[in-house]
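Undergrad: Requesting a structural model of the entry that follows:
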Amino acid sequence: MCADRQKFTIAVDEPNIRVSTYFDDSKMSIITEVPCVNGVPPESFVYFINNWLQCVKSINPLIAEIEELEPVQGYSVGKTKANVPWPLTTRCTIAARYPCPNYKEGEHLLMLSERGAESRAILSEEEQKNLCQARLFIAGWHFSPVKTADGQIKGTKICYL
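TA: Numbers count the residues shown, from 1 in each chain. Got it, this is the predicted structure:
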């Protein structure tokens, strides 16, 4: 990933969402920021963190299929197949999920990475013919409170990497 945020290109800059991208050869980095989901406290996202496998298809229309694999050292591992536009081919990502609800008081993280899932990253012969195995160094969601001047939680800031 690019360490210099200034090298990112702003792809979307709207009041409710900002998406920045960076490409380096075959590597891509994306940072998405939602400044405030009004009326929804960070605790509302703990269900998503704990049930990512069941929730992710409903928020990402590119995902065609998700399969739960054997856990590694207590962490769940999933195989995700995503349909991508032509001329690319269907992508397959195998990643471990590292949920971190309440990693700080009122803040929650969900991280995903191929690190820790290497022993599960084996495609069948049929999958090797039909899929492109994509690498996921790290991805994650950070849910943090947005507070009013008097300290009341008015919503949630979401960052996705």
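
Undergrad: Show me what the helix or strand hosting Val77 is in contact with.
TA: If you go by DSSP states H and E, Val77 is part of strand 75-82. Strand 75-82 is contacted from outside by 52-53, 56, 60, 62-71, 90-98, 116-117, 120, 131, 134, using Cβ atoms under 8 Å, 6 or more residues apart in numbering. The way it works is simple: take the backbone N, C-alpha and C, and place the C-beta from them, glycine included.

Undergrad: can you tell me which of those are in strands?
TA: If you go by DSSP state E, the contacts of strand 75-82 have 63-71, 91-98 in strands.

Undergrad: buried subset of the residues you listed?
TA: Ile63, Ile66, Leu69, Arg91, Cys92, Thr93, Ile94, Ala95, Ala96, Arg97, Tyr98 (16 or more other Cβ atoms under 10 Å).

Undergrad: Nearest to Gly151 among those?
TA: Distance to Gly151, by Cβ to Cβ, is smallest for Tyr98 among those, at 30.0 Å.

Undergrad: how much space is there between the closest residue to Glu67 other than its chain neighbours and Glu114?
TA: The shortest distance from Glu67 to any non-neighbouring residue, by Cβ to Cβ, 6 or more residues apart in numbering, is to Lys79 (4.5 Å). From Lys79 over to Glu114 the distance is 11 Å, taken as Cβ to Cβ, to the nearest Å.

Undergrad: shared neighbours, these two?
TA: Joint contacts of Lys79 and Glu114 (Cβ under 8 Å, 6+ apart) are Thr93, Ile94.

Undergrad: what about the helix or strand of the chain with the lowest mean pLDDT, distance to the chain center?
TA: Least confident helix or strand, the chain: strand 9-13 with a mean of 81, by mean pLDDT, DSSP states H and E. Put simply, strand 9-13 sits 18 Å off its chain's centre (Cα atoms, centre = their mean, to the nearest Å).

Undergrad: Run through who's touching that strand.
TA: So strand 9-13 is contacted by Arg18, Val19, Ser20, Thr21, Tyr22 (Cβ under 8 Å, 6+ apart).

Undergrad: The last one reaches Leu161, doesn't it?
TA: No: in this structure, Tyr22 is not within contact of Leu161 by Cβ atoms under 8 Å, at 11.1 Å.

Undergrad: Quick one: residues contacting the closest residue in space to Trp52 that isn't next to it in sequence.
TA: Distances taken as Cβ to Cβ, 6+ apart place Arg97 nearest to Trp52, at 5.8 Å, with adjacent residues excluded. Applying Cβ under 8 Å, 6+ apart, we find Arg97 in contact with Trp52, Leu53, Tyr75, Ser76, Val77, Gly78, Leu110, Met111, Leu112.
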